[in-house]
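Peer 1: Okay, predicted coordinates and the sequence, questions at the end:
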Amino acid sequence: MPDNTIFNFSISNPSGDGQGFVPALLRRLADAIEVEGDVDVQDITFQSAVTGGEDDLTMTVYFHRQPRRR
C-alpha cells in the first residue's frame, strides 16, 4: 500500500530590505524544492502579509516523497 502522507514546508525571504521581492522568493523556493529531490509536488500557495516596511511573503509547498509522474 503506498504512503499517501503529504509533506509540506514554507519559505520566506529574510526580514529587512528585499523581504517583499517576489523573484528572490521564487528562486529560494525552486532551490528548496530541488533539495527535496524527485518529489511529486501537489500544490504551492502564496501568502502576503502587510508589515510596517515591505510585505512579508511566504510560499508553502505540499508534496509526496515519491517520484513525480513523467
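Peer 2: Right, received. Where do you want to start? Numbering: from 1, shown residues only.

Peer 1: contact partners of the host helix or strand of residue 34?
Peer 2: Following DSSP states H and E, one finds residue 34 within helix 22-36. By C-beta atoms under 8 Å, 6 or more residues apart in numbering, the list of residues contacting helix 22-36 from outside reads 9, 11-13, 18, 39, 41, 44, 57, 59, 61, 63, 65. In short, each C-beta sits where N, CA and C put it, glycine included.

Peer 1: need the next SSE after that helix, C-terminal direction.
Peer 2: strand 40-49.

Peer 1: Name the strands paired with that following strand and say parallel or antiparallel.
Peer 2: Sheet pairing of strand 40-49 (DSSP bridges) gives strand 56-64 (antiparallel).

Peer 1: got the buried residues for the strand it pairs with?
Peer 2: 57, 59, 61, 63, 64 (16 or more other C-beta atoms under 10 Å).

Peer 1: about what we covered before: between the helix holding residue 34 and strand 40-49, how big is the angle?
Peer 2: Put simply, helix 22-36 runs at 150 degrees to strand 40-49, going by axes from the mean of the first three to the mean of the last three C-alpha atoms, to 10 degrees.
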